[in-house]
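Q: sequence below, structure please.
(2 chains)
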Amino acid sequence: MIKGKKGDAFEIMMWIVRFIFIIIILFVVYFFINAFIITSIDTKEVDAAVFVHRTIYSRHVLAGVDRYTQRVYPGVSNGWVFYANDFDKAIDYYWNDQIAANITMNGFSKNYNQEWYENWLPLVEARYEEDNKEESLKGVGAVTEFTFNTTIVNYDGIHKSIVPLKYRIFVPNG
Amino acid sequence: MRLFAGKRGLMEDLHVYLIQLVMILGYTIVIIAFAAAGVNNSLFERAYITRDLASITTAIIASPGNVFYTYDLTGYEFILEFSNKKIAAKDKNEKNSVFYSYASDLSYNVRDYISKDPLSKIIVKKIYIAKEGNIIRFNGTLNPNLNAIDCSFYGNESIKPKKVLIDIPHDAANPGYRIGNENTELLAICKIANYLLHQKNTSIEFSFTHPIDSSGNLDCFHRNPVGIPAVDYVVVIHGGALMSYELSPAKAYIQINSAKEKESSRLGCQLVNSILSPEKLEPFTGSALISADSSLTNTHIQIGAIDPAISTIVLEIGNVNIPKEKNQLLAPDVIGDALIRGLSSND
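A: Model (predicted):
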């Protein structure tokens, strides 16, 4: 390849360009094929909905439990249950950065996965301007927010009332 | 650039071309394998199945009662592994794992499972997810007893009473006598009590609210005078005479304000589960432990002043009104054995 004297430098440079060109072509082919192969599935909304229903209907979260028979009262809660139950132990994922939430019942608020809720809050609230419109952050590194508003029966053993129940759920995109 | 440099340079150029050719061939093989996996959609399917199963498992763990779910993997050659709050789908060589996390509950006992038999190496095609009490299993049986109650809520120690008073149905105004359809209930349960009377191979000492007649059997239509002997528990057996035909529950009313409230709940739970378990009986439609104050249990038993140290459990063991061929109350030996089993500790 190297033939000495004048043409050598030019020849080496051309070979380098040729290799770079081939590598670029190979990467283009890879990305082109990869674009047609779907391997990621977006289950963020499902995860958030399951989380909401779990808190309302499940033992150890919001649903009250009969003192004597230990039967669960789905959709019935009270302030004592709200504060006494450790939500992080009742809903425990393999990754601790899978979901985080703020739950407000009858004006009282509590966070699930406090650490990541605080970590993600700035990302969720960050905005940028595009075409004179404010947009939330997008992409793999961003976090999607879901909000749910419903009601729950507040029963303290004597009085029953229907109180609002609000969720602010963060699920990472990546 | 010259393609062939001539003479000395020719061989060097050929070497470079060969290197390029090998690179491209290797890359082509990798790309084809990658595309083939994509065409088979195995990556997508494994990702889909792990997420689908994770959502289902989370929902099952969240359910207030017992749940059984069959997940069919017929047509797939994936091995599924459930451990440490995640579900992994691997190919049949146990490689290329794709996994996703489900939300467990630290209070529950979630059993690990792999869908490949370690001995026969057969890949299981159906995953049976079962929530039974605080136990979550991925290899549940086909016909689990979904009505069974988790007795561990009422204490880990089984209750084994030594002396038990058995009461059979009666009318409030005329103890020991019932009319119409309810009479069927009385006779059916009297047979069960009679079966218990004649059991000698049990450590439980049974006594009854009805006298023993000259033939050595219980007199179903008369009743002992008011007052009860010194026993650990009173078990009142009912057969759902007032229920509709569609219902056939096993349930226990627990006297919650007795001195033995927790023990009564545990024993009531044992009895309900033992009643549910005989496989030869028609499936029960439900089960429950229901808290009741002493006035209710006293009304049921109609035996006047009760020693506060004695706790009463009112046990509903099915429905006397369901068709005769399906009526579990007409199997006194099966129900009787189940009662002894429940009183002897087994859940």
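Q: and the helices in the stretch 151-300 of chain B?
A: B:181-197, B:261-276, B:294-301 (DSSP state H, counting those that start in this stretch).
Q: list the contacts of the first one.
A: Judged by Cβ atoms under 8 Å, 6 or more residues apart in numbering or on different chains, the contacts made with helix B:181-197 from elsewhere in the structure are B:166, B:168-171, B:177-178, B:206, B:208, B:210, B:212, B:217-218, B:220, B:237-242, B:317, B:320-321, B:327, B:329-330, B:332-333, B:335-336, B:339-340. Heads up, the C-betas are built off the backbone N, CA and C, glycines and all.
Q: same check on stretch A:134-150?
A: Contacts for stretch A:134-150 (Cβ under 8 Å, 6+ apart): A:44-45, A:48-49, A:52, A:56, A:120, A:123-124, A:126-129, A:164-174.
Q: next up, the contacts around the residue of the stretch 101-250 of chain B found nearest chain A.
A: When scored by Cβ to the nearest Cβ, the stretch 101-250 of chain B has residue B:101 as its residue closest to chain A, at 3.6 Å. Going by Cβ under 8 Å, 6+ apart, residue B:101 touches A:93, A:94, A:95, A:98, B:54, B:85, B:86, B:87.
Q: quick check: pLDDT value at it.
A: Reported pLDDT at residue B:101 in the predicted model: 94.
Q: quick check: residue B:320 touching residue B:239?
A: Yes - the criterion here is Cβ atoms under 8 Å, and residue B:320 meets it with residue B:239 at 4.1 Å.
Q: so where is chain A shaky, pLDDT-wise?
A: A:1-6, A:37-39, A:68-69 (pLDDT under 70).
Q: before we move on, what SS does the residue nearest to residue A:97 when sequence neighbours are not counted have?
A: Distance criterion Cβ to Cβ, 6 or more residues apart in numbering or on different chains; nearest residue to residue A:97, sequence neighbours excluded, is residue A:116 at 5.0 Å. The three-state label given to residue A:116 by DSSP: H, G, I helix; E, B strand; the rest coil is helix.
Q: and if you look at residue B:320?
A: coil.
Q: tell me, how many residues neighbour it?
A: Residue B:320 sits with 26 neighbouring residues when counted by other Cβ atoms under 10 Å in any protein chain shown.
Q: with residue B:53 instead?
A: Residue B:53 - counted by other Cβ under 10 Å - has 22 other residues nearby.
Q: number of residues surrounding residue 78?
A: Reading this off chain A. For residue A:78, using other Cβ under 10 Å, the count is 22.
Q: was after chain B, sorry
A: 22.
Q: not counting sequence-adjacent ones, nearest residue to it?
A: Residue B:78 sits nearest to residue B:89 (Cβ to Cβ, 6+ apart), 4.7 Å away.
Q: each with direction, which strands does the helix or strand where the one you found lies pair with?
A: Per DSSP states H and E, residue B:89 falls inside strand B:86-90. Strand B:86-90 pairs in its sheet with strand B:79-83 (antiparallel), strand B:98-101 (antiparallel), by DSSP bridges.
Q: the residue nearest to residue B:147 when sequence neighbours are not counted: how many residues sit nearby?
A: Take residue B:147 and drop its neighbours on the chain: the residue closest to it by Cβ to Cβ, 6+ apart is residue B:287, 4.0 Å away. For residue B:287, the neighbour count with other Cβ under 10 Å is 22.
Q: you'd agree residue B:287 is up against residue B:272?
A: Yes - assessed by Cβ under 8 Å, residue B:287 is found in contact with residue B:272 at 5.3 Å.
Q: overlap of the contact sets of the two?
A: Counting by Cβ under 8 Å, 6+ apart, the residues touching both residue B:287 and residue B:272 are B:149, B:250, B:251.
Q: where does confidence bottom out across those residues?
A: The member of these with the lowest pLDDT is residue B:149, at 80.
Q: count of neighbours near it?
A: Residues near residue B:149, counting by other Cβ under 10 Å: 29.
Q: ok, now residue A:95?
A: So residue A:95, with other Cβ under 10 Å, has 12 neighbours.
Q: then residue A:83?
A: Neighbour count for residue A:83, taken as other Cβ under 10 Å: 10.
Q: identify the residues contacting it.
A: Neighbours of residue A:83 in contact, by Cβ under 8 Å, 6+ apart: A:108, A:110.
Q: C-terminal to the host helix or strand of it, what's the next element?
A: Counting by DSSP H and E, the element that carries residue A:83 is helix A:79-84. As assigned by DSSP H and E, the chain's next helix or strand after helix A:79-84 is helix A:87-90.
Q: for that next one, which positions count as buried?
A: A:87, A:90 (16 or more other Cβ atoms under 10 Å in any protein chain shown).
Q: packing partners of the helix or strand following that helix?
A: Later in the chain than helix A:87-90, the nearest helix or strand by DSSP H and E is strand A:100-105. Where contact means 3 or more Cβ pairs under 8 Å, 6 or more residues apart in numbering or on different chains; DSSP states H and E, strand A:100-105 is packed against strand A:108-112, helix A:114-125, strand A:160-172.
Q: domains in chain A, as residue ranges please.
A: A:1-39, A:44-172 (automatic domain parsing).
Q: out of the ones you listed, which is the most enclosed?
A: domain A:44-172 (a mean of 16; mean count of other Cβ atoms under 10 Å in any protein chain shown).
Q: how far does it sit from the chain's center?
A: 12 Å (Cα atoms, centre = their mean, to the nearest Å).
Q: can you check stretch A:166-173 too?
A: The answer for stretch A:166-173 is 6 Å, by Cα atoms, centre = their mean.
Q: phi, psi of residue A:130?
A: Here is the backbone geometry of residue A:130 (degrees, to the nearest 10): phi -140, psi 120.
Q: still on that earlier bit, would you turn the helices of the stretch 151-300 of chain B into a markdown table with distance to residue A:8?
A: A markdown table is the format used below for the helices of the stretch 151-300 of chain B (distance: least, Cβ to Cβ, whole Å):
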| stretch | distance to residue A:8 |
| --- | --- |
| helix B:181-197 | 106 |
| helix B:261-276 | 90 |
| helix B:294-301 | 105 |
